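>>> Pasting the sequence and the predicted coordinates here, then a few questions.
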Amino acid sequence: MSKKGYIKRKWDMSLLVTVIFLVCFGLVMVYSTSSYEAAMKFNDSAFYLKKQLIATALGVLVMFFTATINYHVWKRFAIIGYLLTIVCILLVMTPLGIEANGARRWIGVKSFSFQPAELAKLAIIIFFAAFLSKKPNLVNKLGTSITMLFYAGLIALMILVITKNLSSAIIIAGIAYIMMIVASKKSKWYIVVAVALCAIAVGGLLLAGGYRLKRIRVWLEPEAYAQEGGFQTLQALYALGSGGLFGKGLGQSVQKLGFVPEAQNDMVFSIICEELGIFGGIAIIILFAFMIWRFMAIANNAEDLFGTLIVIGIMAHIALQVVLNIAVVTNTIPNTGITLPFISYGGTSTVFIMAEMGLALSVSKGKKIRRQVITDEEA
């Protein structure tokens, strides 16, 4: 006689272990890259590490909290999250807005601050997943596609115009596009539209001129603009080249000693390659590739389209951000100022990315799997 029961699915442990390793490695690199600058500015070599530890601890709590909640709950907050994102972006223009390093991208009160662009990435993922999963066939209609592109484009445009954050605007638009491509049966048209929009954007930059056109010139000839925007890129390339195959050793970077400005942020990958060599850099890329593979596996095995699209959106976010960051550090594309997930210094980014990991783990848990055990007599 056969026996029927259920196997309770657990979190994807491969993804969880990868996240924990990257977070711990990130803390090590934050201290390694920032200790000199922190000692010079604040007389405390662990200043940045302490702040990142607080953000990481909060992020881990958020991840486990989100992972234990049924991910379907967040569908109810999709519209609220989208509207809240718009409000937060607009608040950047009020007295609550905080300016740092020449950019006004944060809002906050006293010691508390966060970047609305990070909230926007998570909000777009949940909003698009909820909308596209509700009536999946609608995404194949032109009117619905235009409407969805408007929703994503509005947030991306606000991020670009109000906060002057081009990289985040690109990532938000990219997340939306990838989610729509996955949900649509006419994915080739989205690819054609994406290529056309990119061509229009590049043409617009060339015609408009200004500091963005100057960034392209710096990208093409960084040595010619060493004192006018190309300094950081050149120093990052020096760090990449000087590390060799196995690097100078952890903590032994020379370029972080004031040569690469704020090395703990956008250019942390260059210091990784200087201290741990090409081997270390490739190892990190492989870890991110493994993470992307786990996202794909979770998405394929999700219990419904909503779960699948959530994980696809998270995968798109991580993949785009990693590719853009490494491309900037290696001068493959113009400098856009984008952090490396889990590793770069940044409290808001850490907390929201960990929240996304919690969502992915919640989807991986999914529903119970039915099993049937056959007895010896039946066999």
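Thanks, I have it. Residues are numbered from 1 along each chain as shown.
>>> Buried residues, the helix or strand hosting Ile318. List them.
Assigned by DSSP states H and E, Ile318 belongs to helix 305-329. Buried residues in helix 305-329, counted by 16 or more other Cβ atoms under 10 Å: 305-326, 328-329. Using the backbone N, CA and C atoms, a C-beta is placed for each residue, glycine as well.
>>> Glu99 belongs to a strand?
Yes. Counting by DSSP: H, G, I helix; E, B strand; the rest coil, Glu99 is found in a strand.
>>> list the contacts for it?
Trp106 (Cβ atoms under 8 Å, 6 or more residues apart in numbering).
>>> Tell me the pLDDT of Ile310.
In this model, Ile310 is scored at 96, pLDDT.
>>> Identify the residues contacting the nearest residue to it once chain neighbours are set aside.
Among residues not flanking Ile310 along the chain, Ala129 sits closest, at 4.6 Å (Cβ to Cβ, 6 or more residues apart in numbering). The contact partners of Ala129, taken as Cβ under 8 Å, 6+ apart, are 75, 78, 179, 306, 309-310, 313.
>>> repeat for Leu276
Neighbouring residues of Leu276 by Cβ under 8 Å, 6+ apart: 243, 246-247, 250, 283.
>>> same thing with Ala103?
Taking Cβ under 8 Å, 6+ apart as the test, what Ala103 contacts is 163-165.
>>> Which ones among the residues you listed map onto helices?
Members of those lying in helices (criterion: DSSP state H): Thr163.
>>> among the contacts of Ala103, which ones are buried?
For the contacts of Ala103, a neighbour count by 16+ other Cβ under 10 Å gives the buried set as 163, 165.
>>> does Met93 count as helix, strand or coil?
coil.
>>> what's the spacing between the spatially closest residue to it that is not a sequence neighbour and Ile310?
Excluding its sequence neighbours, the residue lying closest to Met93 (Cβ to Cβ, 6+ apart) is Ile162, at 6.3 Å. From Ile162 over to Ile310 the distance is 27 Å, taken as Cβ to Cβ, to the nearest Å.
>>> and what of Ile170?
Using Cβ to Cβ, we find Ile170 at a distance of 21 Å from Ile310.
>>> export the contacts of Leu276 to a markdown table and tack on distance to Ala299, pLDDT and neighbour count?
Listed next are the contacts of Leu276 as a markdown table, based on distance: Cβ to Cβ, whole Å; pLDDT from 0 to 100; neighbours: other Cβ atoms under 10 Å:
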| residue | distance to Ala299 | pLDDT | neighbour count |
| --- | --- | --- | --- |
| Gly243 | 35 | 84 | 26 |
| Phe246 | 36 | 88 | 12 |
| Gly247 | 35 | 88 | 21 |
| Leu250 | 35 | 89 | 13 |
| Ala283 | 25 | 95 | 13 |
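>>> Which stretches in this structure count as strands?
Using DSSP state E, the strands of the chain run over residues 3-7, 97-100, 103-109, 112-114, 369-373.
>>> Quick one: list the elements packing against the fourth one.
For strand 112-114, the contact count by 3 or more Cβ pairs under 8 Å, 6 or more residues apart in numbering; DSSP states H and E identifies strand 103-109, helix 347-365 as packing neighbours.
>>> Try it again at 7 Å.
Counting contacts by 3 or more Cβ pairs under 7 Å, 6 or more residues apart in numbering; DSSP states H and E, strand 112-114 packs against strand 103-109.
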